[in-house]
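K.L.:
here is my input; please provide its structure:
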Amino acid sequence: MKRRKSLLILFLIHLIFGSYAFSQCAGESNTVTICDKEADITFKNYNLFDQLLGSPTTGGTWSSLNPANNFALDTNTGILNLWSINRAGMHLFTYTNSSCDESATITINLGGYPGEDNVDGGANACSDNTAVNLYTFLDNDLTDLNADTNGKWTEDISTATGFLVNQFFDAEAAGPGTYSFIYTTLEVDTCLPRTAKVVLEVHRAPEAGEASDIIICESEDFSLFTNINLFDWLEGEDKDGIWSDLSGTNQITSPTDSIINVEEIYANFGPGTYDFEYTVFSKHGVCSEKTSIVTLSIPNITGNFSVDNICDGSSLRINIFYESTYPVDFSHDLVYEIVNATTNDIVFTGIQNSISLSHKLPSLIASHSFTISDPTTAPGKYFIRVKEINNIDGITCKSLKINSADFLVFDTKFSIEKRCYEGNDVLLNISEHIDTGGNLSNANFLVSYTVEDLTNGGSVQFLNQPISFSNGNAILPIDISDFPVHTKQYKIKITNPAKSGLDCLDYVFEASLIPDEIKLDLIIDNTCNATKIQAEIDAPPIGDGTYTITYEVVEVGTTNVLIDNTISYNSSGGSANLDIDISSLEAGNYQVILKSIQNDTNPCRTKFDFEITKNFSIAGIPDPPTLDLNQVFCAANFSPNAPTLSDIVITTGTNLTWYQDETTSTPLNNNTTLEDGKTYYVTASDPANSCESSDRALVTVKIITTSTVITGNTTPFFCSLDTLTLNDFEAVAENGEIIWYDSPTGGNELSSNTIIKNGISYFAVERIDTCEHNIRTEFKATVVNPPTPEFNGNTERCALDKLTLFDIESEITENTNFNLLWYDADSDGNELSNSDLIEQNITYYAVFIDPITACEGQRIPITFNLSKCNPEDYDFFIPDGFSPNNDGTNDYFFIPYIEFFYPNYEFEIFNRYGQSLFKGDINNAKWNGNNTSGNEVINGVYFYILNYNKDSLPPKQGRIYLSK
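P.N.:
Below is the predicted model of the structure:
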């Protein structure tokens, strides 16, 4: 509406004053020259609109030709902060008024500002810095005024080095000393160039020296190395550094300690490499510490014999694995001995000459292997050891040790008894098996083995068969069932576990299994209405002889053979499924008989005759009963009793049998009480042949009982913020579901998700299936809806004003019918007192509450920024002195109220030598006049560097006078 009124007024002005007034609305362009902007604080709010010539009108917008100036310009008011523009030169700002579609430009020739001189020790750098940025040392006393960035740096001729490139000075090339630099701004229009001077002190970087390694052999007399001075292994170092123990040998015990005891290191930690670090600290805070590392090396090469267990009479494979503490290529000769571990007798001595090895990173491991074809060892436990090591070449310390290793020689006994075995297995007897200690074994194993058929060829492998030993004895079942019955000879070989002595087995044996019996079966498709009968025959091979197999069908109650047949199998046996043709049989009851006789000569066979008999009927299955599939029962019709199975209505069928499901064989009693929703199954039976109808008829019953809706409150109070539905009424159905209507009778059915409205009646009734109770219960709610508060104030405030929530309440639209409360969360949360002080970046939630029902309205969030404090409005200053004499007055140096203007500030106090005495921030704001060691400093002038850490303000440097 306001915009429409403005357009109307402009239109009337145009009609009254004509096109002349319209064309002057942007004014005319103008050029302004400003030389010393820092001399006038009003240049922080320079009004560009006032510089326009002609008759400009308000309502237009300002823009800068250079986007880099946008941050300093208010585009609506034309207020320009010249202090924020740190580039001397010409700057153009355009005013555009859409009322006349014209613009005008203000050109500002802005003179340079070089910052203030820094010549009193405030500029420091380290001699190892190759690019010192001189801009960091320009300073002034104004927090929002910075030196120009487009000026030029030059060296003062009195200290010129040639190592300045733009604003970067190579302090490493120049070396320690004091150097002067001149910063000159550009000449702009009538504004002359201006200069600032920086005197830079370059401080010497620390030097940790060049380190040499210490190498001491294990063969040395370590008592000669109990007082090694680590400084003797450095060259060119500063002498005021400290040593530290990087390897944890505990040799360095104080900051002045440089002595290590190699004898102790070797005794406590053995051979290896140990590092000691020398650190030299800076004399000035601008330089970093330097370090060098001296490494103590005690070389060591150790070998370990490794020998696999062998079977008696086998060759012996010997491995030697060497481990080194350093990379090395070396060789040696070896004389070794094999010793009986029980008798300690030497049973074999051997020689290995010119063993050559190479240890490479990262593993530092090498190996050598050789074989003894005839070690002449009896069964038992042995170990191999070194007798002599000669001609060591390539090892720094000529020291080598090889550790001994144990091994076993097995002579385990195996046997299988030649006899008839039941099942699939013959039994392998194992004895005299020893364990890793050379004693009779009591261990458990998982054994894998292979059985070979030496009669017919072929083999079978078996994996992970369990076996348990007791005093060296065990029995392993060997499965030979997959081999032909006439196999006479087998060979068994254990393949796993390897090197256990069990793999020594390579055994030939003879054994037989008790032969399998012929398998006979009769398969009748339906014993009450047979149409197909199969005779199943599985005759295993019998080596020699034949099978004679017959079947016959006899009518029950007579001796009449109606069907018969005979077949034969030779010694190979065979399998067959023979169809017995019963298609010629009439309806009735019958018996089928299947017989087998065999005449083989297997000595392990004990039974030769086999027979199987089964009965069956043809056309003997009655039809199932017929009835309605779903039958409904109202419980009231059977009161005080309940409906039972006998109450189910059957259309056809006799001799009924009821079941609880379609497959169970256990019948139900006819007086079983019906259960709601349950399905029952029924059959009919023929007593002549005991055949029951193959199909079961089913019926599902439903029993319906209804009741009045249960409730404790039909007229509740609800809050609108909860958005409640009919589901939220206190209404309970005892058995069925709740159905809602809009009328006590008839009417329309409502969804349970219908939102409850104030003062409207709703009616609930219980429904089960299609049965609905005859009485509906009326519910009527009162829904309370408080309004949402409206905040009309400003969230940008200053913490120094100490505002409370009460001060803010006047900026919220008043509503006398509801109470205004404050919370700390958008839902639930804690109620706040309106006397609470407002805090920075805390979100407060205002809400109207109904005083009677305590119903809430919608909460609105309000978050305050309390950092909008202008230092100039609160007399912000930095003290220039203090007197820490504990008299209760001016005992600490601190900056009053700085936390409200620059909450992330940091400052550091230095003495005139550049040593840091104190570091402060919002959490550690006061200096008591002590240094970092807690000692009081003397009276005098000290220096500080203040980092505002806000709005890209440069650090501020200054002086403090301390007087006790």
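
K.L.:
with only the CA atoms kept, save stretch 620-630 in CSV.
P.N.:
C-alpha atoms of stretch 620-630 as CSV (Å, rounded to 0.1, in the frame of the first residue of the first chain):
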residue,chain,number,x,y,z
GLY,A,620,-12.9,-97.8,-0.7
ILE,A,621,-12.8,-94.1,0.1
PRO,A,622,-16.1,-92.4,1.1
ASP,A,623,-17.0,-88.8,0.0
PRO,A,624,-16.4,-86.0,2.5
PRO,A,625,-19.3,-84.2,4.3
THR,A,626,-20.9,-81.1,2.8
LEU,A,627,-21.8,-77.9,4.8
ASP,A,628,-21.7,-74.1,4.7
LEU,A,629,-18.1,-72.9,4.8
ASN,A,630,-18.8,-69.9,7.1
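
K.L.:
and that stretch, which residues are buried?
P.N.:
Buried residues in stretch 620-630, counted by 16 or more other CB atoms under 10 Å: 620-622, 624-625, 627. Placement of C-beta: from N, CA and C, glycine included.

K.L.:
for stretch 810-828, same thing?
P.N.:
Of the residues in stretch 810-828, those buried (16+ other CB under 10 Å) are 812, 818, 820-823.

K.L.:
and for stretch 778-793?
P.N.:
Buried, per 16+ other CB under 10 Å, within stretch 778-793: 779, 781, 783-784, 786, 789, 791.

K.L.:
which ones among those residues map onto helices?
P.N.:
The helices, defined by DSSP state H, take in nothing from the buried residues of stretch 778-793.

K.L.:
quick check: beta-bridge partners of Gly303?
P.N.:
Tyr322, Ile402 (DSSP bridges).

K.L.:
quick check: Val699 vs Ile648, distance?
P.N.:
Separation of Val699 from Ile648 (CB to CB, to the nearest Å): 6 Å.

K.L.:
show me which residues of stretch 154-172 are buried.
P.N.:
155, 163-164, 167-169, 171-172.

K.L.:
same check on stretch 471-484?
P.N.:
472-474, 476, 478-480, 483.

K.L.:
now stretch 731-745
P.N.:
731, 733, 736, 738-741.

K.L.:
farthest pair within these?
P.N.:
Gly736 and Tyr741 (15.1 Å; CB to CB).

K.L.:
can I assume Gly285 is in contact with Asn911?
P.N.:
No. Taking contacts as CB atoms under 8 Å, Gly285 lies outside contact range of Asn911: 10.7 Å.

K.L.:
overlap of the contact sets of those two?
P.N.:
Counting by CB atoms under 8 Å, 6 or more residues apart in numbering, Gly285 and Asn911 have no contacts in common.

K.L.:
quick one: the strands in the stretch 1-150 of the chain, in order.
P.N.:
30-34, 46-47, 61-64, 79-80, 89-97, 102-110, 118-126, 132-133 (DSSP state E, counting those that start in this stretch).

K.L.:
okay, the ones you listed in JSON lines with mean pLDDT next?
P.N.:
Converted to JSON lines, those look like this (pLDDT from 0 to 100):
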{"stretch": "strand 30-34", "mean pLDDT": "95"}
{"stretch": "strand 46-47", "mean pLDDT": "94"}
{"stretch": "strand 61-64", "mean pLDDT": "94"}
{"stretch": "strand 79-80", "mean pLDDT": "94"}
{"stretch": "strand 89-97", "mean pLDDT": "94"}
{"stretch": "strand 102-110", "mean pLDDT": "95"}
{"stretch": "strand 118-126", "mean pLDDT": "91"}
{"stretch": "strand 132-133", "mean pLDDT": "95"}
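
K.L.:
identify whichever of the ones you listed lies nearest to Lys491.
P.N.:
Counting by CB to CB, Lys491 lies closest to strand 118-126 out of the strands of the stretch 1-150 of the chain; the figure is 85.6 Å.

K.L.:
can you tell me how far Gln631 sits from Gln858?
P.N.:
Using CB to CB, one gets 56 Å for the distance from Gln631 to Gln858.
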